[in-house]
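Enquirer: take a look and give me a structure for this.
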Amino acid sequence: MKKMLAAALALAVLAAAETALAQTWTEPKSGAVFEVKRDGMTLLGAGLRVKKIIFTFNAYAVGFYVDDAALKGPLAAYKGKTGSAEFYKALQTGDFKKQVVLKFLRTLSQGKIQGAMRESLEGGDPNTLAQFISYFPEVKEGQECVLRHAGGGKFESIMAGVAKPPIMSTDFTARLFGLYVGPTPVQEDIKIDVVARAAEVLK
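Expert: I've put the predicted structure just below:
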């Protein structure tokens, strides 16, 4: 009887572990773990942002999430076409809920993270950019920032657990998401990696 109970317990533990594993996805280059489902959205993939200042280092892992309703709606048309320019454009400019989650892999000073974002997003409205840049604090290794398009041009952000005032700008939102899925991404491999699960999700 005890052996049967032990065996049943072992099977239950194994099943729980498999379920937990299925609910997360690991970015392969950094080992950063992302929830597959989060905030009513599904993870399309994740990539690694590598930055070079004096030396090259891993800055953060980025996960790209899309509203479940959008996957069944406007994005369903791209089933079998998740590598197309049209699919990437829909991810960048589509008016549906989506977000990127930045998981920081090292501590970065406020000046460094703000400078990097300013450089990456230059060319847009300077006042909107200044507002967004001011939101970034010093980020510690293990902290995360959530950058979310809530629909209707409303941009929301949660910086290291602190929610910031929303920004209303369709142009800025498209520019921000363009860093990862736009025609000229911040890193070419990130553009591929953040949709690594897209074909599976859009079966």
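Enquirer: tell me the contacts of L176?
Expert: L121, F132, L147, F155 (CB atoms under 8 Å, 6 or more residues apart in numbering). Bear in mind the C-beta positions are built from the backbone N, C-alpha and C, glycine included.
Enquirer: correction: the previous question concerned T170.
Expert: D95, G153.
Enquirer: show me where the chain has strands.
Expert: For the chain, the strands defined by DSSP state E cover 24-26, 33-35, 37-38, 41-52, 56-67, 98-104, 144-151, 154-159, 162-168.
Enquirer: how far is the fourth one from where the chain is centred?
Expert: What that stands for is strand 41-52. 6 Å (CA atoms, centre = their mean, to the nearest Å).
Enquirer: pairing partners for it, with directions?
Expert: Strand 41-52 has the following sheet partners, assigned by DSSP bridges: strand 37-38 (antiparallel), strand 56-67 (antiparallel).
Enquirer: among these, which is the most enclosed?
Expert: strand 56-67 (a mean of 22; mean count of other CB atoms under 10 Å).
Enquirer: what mean pLDDT does that strand have?
Expert: Summarised as a single mean, pLDDT over strand 56-67 is 92.
Enquirer: just give me the neighbour total for the closest residue to Y78 other than its chain neighbours.
Expert: Spatial nearest neighbour of Y78, chain neighbours left out: F87 (4.2 Å); criterion: CB to CB, 6 or more residues apart in numbering. The local packing of F87 (other CB atoms under 10 Å) involves 20 other residues.
Enquirer: how about E141?
Expert: E141 has 11 neighbouring residues, counting by other CB under 10 Å.
Enquirer: same thing with G83?
Expert: Count around G83 with other CB under 10 Å applied: 12.
Enquirer: and G142, by the same measure?
Expert: Around G142 there are 12 residues (other CB under 10 Å).
Enquirer: so who does it touch?
Expert: K103, F104.
Enquirer: quick one: it from G153, how far?
Expert: 32 Å (CB to CB, to the nearest Å).
Enquirer: T184 too?
Expert: For T184 relative to G153 (CB to CB), the value is 22 Å.
Enquirer: brilliant, that's me finished.
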